[in-house]
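Undergrad: structure for the following, please:
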Amino acid sequence: MALLDDLRVEVATIFQDQWEKTAGRVVPVPSSIGLGNKAVEFDEAVVLYADLDGSTAMVDTKDWWFSAEVYKTFLHCAAKIIKSRDGVITAYDGDRVMALFIGENKCTNAVTAALLINDAVLNVINPALQARYSSQFVVRHVVGVDMSPIRAARTGVRGDNDLVWVGRAANYAAKLTTLPSDTPTWITAAVYNRMHDSLKTQNGQAVWQLRSWTPMNNHPIYCSSWYWHLR
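TA: Coordinates of the predicted model:
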């Protein structure tokens, strides 16, 4: 069958077939979902995106190996922290990582992970970089967190496929990472309202600032420059 004919058949099949949905109890891997119109759905899940800020300028002005070391240190710290808070890494995409949190404490765990990542950047990565290179370069990052119903479907072709996550949380968490890194942690009101109160104040001071997300119909979001101490 010619490539054009093959594509027409497959696209028509995807649009015509009914979806088979399975309730999610654990975060799936690609092999656990069929290639047809099959999906695993979660009534609620928290998505976290952690993204380096200014990486395009970095690769344009720094040696490739310097940029690679920044990528590796940031993603290593972020991944270890995410897993330590019961998050499941669902994708690496260049200079960022996506993770899913489910279960009773999903909002608290995700936000704690975000604040720990801020500590790692400020007090682990940047001091080590300065000690090694005496560079003026400063690693900056943004983490976005949202919660919503979400579905996972397997996409791609046989032998070369991955999961696509469909739901507001995946899109909002990613878009939040485009906001200013001066306050590197950005979360939606849905997450703020469900996380533990211990994450909302420190020493009697408010940790979060309420903002209106103008491009997203003034959706209420919260930002913070605070960090949670690594142990």
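Undergrad: tell me who's in contact with Thr155.
TA: Contacts here follow C-beta atoms under 8 Å, 6 or more residues apart in numbering; on that basis Thr155 touches Asn161, Asp162, Leu163, Val164. (Each C-beta comes from the backbone N, C-alpha and C, glycine too.)
Undergrad: cool, Gly156 as well?
TA: Gly156 makes contact with Asp162 under the criterion C-beta under 8 Å, 6+ apart.
Undergrad: now it, which residues is it bridged with?
TA: On DSSP bridges, the residues paired with Gly156 through beta bridges are Asn161.
Undergrad: ok so, going back, could you identify which of the contacts of Thr155 has the most neighbours?
TA: Leu163 (22 neighbours; other C-beta atoms under 10 Å).
Undergrad: roughly how far is the strand or helix carrying Val97 from the heart of the chain?
TA: Under the criterion of DSSP states H and E, Val97 resides in strand 96-101. Relative to the centre of its chain, strand 96-101 is centred 4 Å away, using C-alpha atoms, centre = their mean, to the nearest Å.
Undergrad: and for stretch 216-229?
TA: How far stretch 216-229 lies from its chain's middle: 14 Å, per C-alpha atoms, centre = their mean.
Undergrad: what sits up against it?
TA: Residues from elsewhere that reach stretch 216-229, judged by C-beta under 8 Å, 6+ apart: 112, 115-116, 118-119, 122-123, 172, 175-176, 179, 182-189, 192, 199, 202, 207-213.
Undergrad: give me the buried entries from the residues you listed.
TA: The neighbour-count test (16 or more other C-beta atoms under 10 Å) marks 112, 115-116, 118-119, 122, 172, 175-176, 179, 183-188, 192, 199, 207-208, 213 as buried among the contacts of stretch 216-229.
Undergrad: the residue most central in space within the chain pairs with what?
TA: Ranked by distance to the mean C-alpha position of the chain (C-alpha atoms, centre = their mean), the top residue is Tyr49 at 1.6 Å. Residues in a beta bridge with Tyr49, per DSSP bridges, are Met98, Gly144.
Undergrad: ok, it - contacts?
TA: In this structure, Tyr49 makes contact with Arg96, Val97, Met98, Val143, Gly144, Val145, Ala173, Ala174, Leu176, Thr177, judged by C-beta under 8 Å, 6+ apart.
Undergrad: now the helices: where do they sit in the chain?
TA: Residue ranges of the helices in the chain, as given by DSSP state H, are 3-16, 55-61, 64-84, 106-120, 126-133, 168-176, 189-192.
Undergrad: so which of those helices is the most packed in?
TA: Mean neighbour count, computed with mean count of other C-beta atoms under 10 Å, is highest for helix 106-120 among the helices of the chain, reaching a mean of 24.
Undergrad: could you figure out how far that one is turned away from strand 96-101?
TA: Per axes from the mean of the first three to the mean of the last three C-alpha atoms, to 10 degrees, the angle that helix 106-120 makes with strand 96-101 is 150 degrees.
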